[in-house]
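Colleague: Please find the sequence and the predicted model below.
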Amino acid sequence: MPSDSDRVGAIADQQAPPISTSSVGQSTEAELINHSTSAAPVESITKPPLRGMLNTFEALRYRNFRLMWIGSFFSSAGQWIQQVTIGWVVYDITGSRALLGAINGVRSVPMLFLSPISGVAADRLNRKGLMIATQVFLTVMSFLLAIDIVLGKLEIWHLFVFTFLSGAAWAFNMPVRQSVVFDLVPRHVFPNAFALNSVAFNFTRILGPTAAGFLILWLGPQGNFFVQGIAYLLITISLMMVVLPKNLARDGKKKENVMKSLTEGFHYVAKGPVIRTLMFMGLFPVFFVFPYMALLPVFAKDVFHGGPRAYGLLLSVSGVGGVLGGLFTASLGKFEKRGILQLVSMFLFGAGVVLFSFMNNLWAGAIVLIITGFSQMVFMTINQTLLQTNIPDELRGRVTSIYMLNQGLVPLGTVVAAIGADVIGDQQIVFIMGITCAVLAILIAICAPQVRNMRLVGAADKHYQGDGGMGR
């Protein structure tokens, strides 16, 4: 049984109002505060702060977040292994590059169309139950596909159905996983918790494809899916061990019209200038800039005159930069000026992509990608942290699900990038992507002082009354 210091408690009736923003022309900076309109569930005993480098891993001191983080780590690794294995099996069976691209597209379709609905579910249903249900579904699907391969009954359409259904399950699972972080740690620890989640994702981005290759070699594709099913089963067990408090904000929402709930999330984003800007910053680069990664095979072969090893190097160093960026963000502690740091890192990310477009040497390009991956991760982690910290708990699932549309925008952006590369050239389209990102960061810094001046409150119990940029 967990000790008292590891139990989650509900701080009843604690109102943590949204961001307090300064008006244009005033010197008062925006304050980003702990925000929840429901009982704010955190572990009942706030642990004394860590010092030095140990502060980087502060959120892992809390049992429930630790369990969730381990589950997220292995879930992310499982997704990478699944993606590589599915691609291998499709190409091995058909030899078709078109079908290989099509199955990657099918994976993103549920994210585009089901994410908003999943946000409604996250705000109306028991979040822990929803995570467990989707995890059980993923476990069963993995075992069924493994058995299908073992029995020699596999057909290509089975893989498309599996990929679509798995994508649908993740469309419901991911917004909930993002939403419950506020239920697992004290509010002042949330930025660290979110950064550690980013570290887990990027670490598995480095190791996942490599592990998948070795597993295919040792166990075959069917063995990969058996391993994935076992991993998902263990994740389900770990979720059952997580203690989440009853969220009072959702009790009155269960009978609310689903369409009304859906539009309420979009209305909240549309009406608030701060939230609207943060959401735009989170989604536009994903669509228009992040797809530069899809052109790395072209750079490896045609620009750097390498092969698979060169491509693997470029992918790996980008992931290393992402891990370092996540660790840096997790180490920020009580550094408050996150708004300006978000914009600086966004500018550096764009500038890094611009610089990479001029590279003609593999190792010089690899060094630039480390810096680019670092800046990209700092920007995205801070952006998500500022967004999440300014969402009321009863809307958290719906707003998060809108943000999760980025999972479906990347493939669409990849199509745009590929067409642009064919029309004007690989290096030219990457240059345009990077310069657009850098200029956008400058424009937001000039035109949106409320976002530029965002700060994190240093103490957990320090609250400021404000309107969250909602204009009320």
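Modeller: Everything's here; your move.
Colleague: where along the stretch 351-472 of the chain do the strands fall?
Modeller: 455-456 (DSSP state E, counting those that start in this stretch).
Colleague: Grab the most central residue of the chain for me.
Modeller: Nearest to the centroid of the C-alpha atoms of the chain, with distances taken as C-alpha atoms, centre = their mean, sits residue 198, at 6.9 Å.
Colleague: OK, contacts around that one?
Modeller: Residue 198 is in contact with 322, 325-326, 329, 377, 380-381, counting by C-beta atoms under 8 Å, 6 or more residues apart in numbering. From N, CA and C alone the C-beta is placed, and that goes for glycine too.
Colleague: again, 7 Å this time
Modeller: 326, 377, 381 (C-beta atoms under 7 Å, 6 or more residues apart in numbering).
Colleague: What sits closest to the second one if chain neighbours are left out?
Modeller: This points to residue 377. Take residue 377 and drop its neighbours on the chain: the residue closest to it by C-beta to C-beta, 6 or more residues apart in numbering is residue 325, 3.1 Å away.
Colleague: wait, is that neighbour part of a helix?
Modeller: Yes - assigned with DSSP: H, G, I helix; E, B strand; the rest coil, residue 325 falls within a helix.
Colleague: looking at it, it is touching residue 378, isn't it?
Modeller: Yes - with contacts counted by C-beta atoms under 7 Å, residue 325 reaches residue 378, the gap being 4.6 Å.
Colleague: Residue 215 is in contact with residue 226, isn't it?
Modeller: No - between residue 215 and residue 226 there is no contact under C-beta under 7 Å: 9.8 Å.
Colleague: picking up where we left off before, the residue nearest to residue 377 - how many residues pack around it?
Modeller: For residue 325, the count of nearby residues is 29 (other C-beta atoms under 10 Å).
Colleague: ok, now how distant is it from residue 372?
Modeller: According to C-beta to C-beta, to the nearest Å, residue 325 and residue 372 sit 10 Å apart.
Colleague: Below-threshold pLDDT in the stretch 151-300 of the chain: ranges please.
Modeller: Residues of the stretch 151-300 of the chain meeting the criterion pLDDT under 70: 206, 210, 246-256.
Colleague: that older thread, what pLDDT is listed against the closest residue to the residue nearest to the centre of the chain other than its chain neighbours?
Modeller: Among residues not flanking residue 198 along the chain, residue 326 sits closest, at 4.1 Å (C-beta to C-beta, 6+ apart). At residue 326, the pLDDT value in this model is 85.
Colleague: any idea which element residue 191 lies in?
Modeller: In the assignment (DSSP states H and E), residue 191 maps to helix 190-241.
Colleague: In this structure residue 238 contacts residue 69, no?
Modeller: No - using C-beta under 7 Å as the test, residue 238 is too far from residue 69 to be in contact (9.8 Å).
Colleague: ok, those two, which is more surrounded?
Modeller: Remark: of residue 238 and residue 69, residue 69 carries more neighbours, 22 against 18, as counted by other C-beta under 10 Å.
Colleague: Tell me which helix or strand the more buried one sits in.
Modeller: Assessed by DSSP H and E, residue 69 sits inside helix 63-94.
Colleague: What residues of the helix or strand that that helix is followed by count as buried?
Modeller: Using DSSP H and E, the helix or strand that follows helix 63-94 in sequence is helix 97-124. Buried positions in helix 97-124, judged by neighbour count with 16 or more other C-beta atoms under 10 Å: 99, 101, 103-104, 106-112, 114-124.
Colleague: For residue 334, see how far away residue 192 is.
Modeller: From residue 192 to residue 334 the distance is 10 Å (C-beta to C-beta).
Colleague: out of the two, which sits in the busier spot?
Modeller: Shown here are residue 192 and residue 334; by other C-beta under 10 Å, residue 192 has more neighbours (25 against 12).
Colleague: my guess is the more buried one contacts residue 59, does it?
Modeller: Yes - with contact defined as C-beta under 7 Å, residue 192 counts as touching residue 59 (4.7 Å).
Colleague: and the residue nearest to residue 377, what is it in contact with?
Modeller: With contact set as C-beta under 7 Å, 6+ apart, residue 325 has these partners: 373-378.
Colleague: What is the nearest of these to residue 169?
Modeller: Ranked by distance to residue 169 (C-beta to C-beta), the contacts of residue 325 are led by residue 377 at 26.0 Å.
Colleague: Can you get me a residue count around the closest one?
Modeller: The burial count for residue 377: 28, using other C-beta under 10 Å.
Colleague: domains for this structure, by residue range?
Modeller: As assigned by automatic domain parsing, the chain contains the domains 9-31+257-472, 56-255.
Colleague: From the rest of the structure, what touches stretch 434-444?
Modeller: Residues outside stretch 434-444 that contact it (C-beta under 7 Å, 6+ apart): 277, 281, 285, 288-289, 343, 346-347, 349-351, 353-354, 357, 451.
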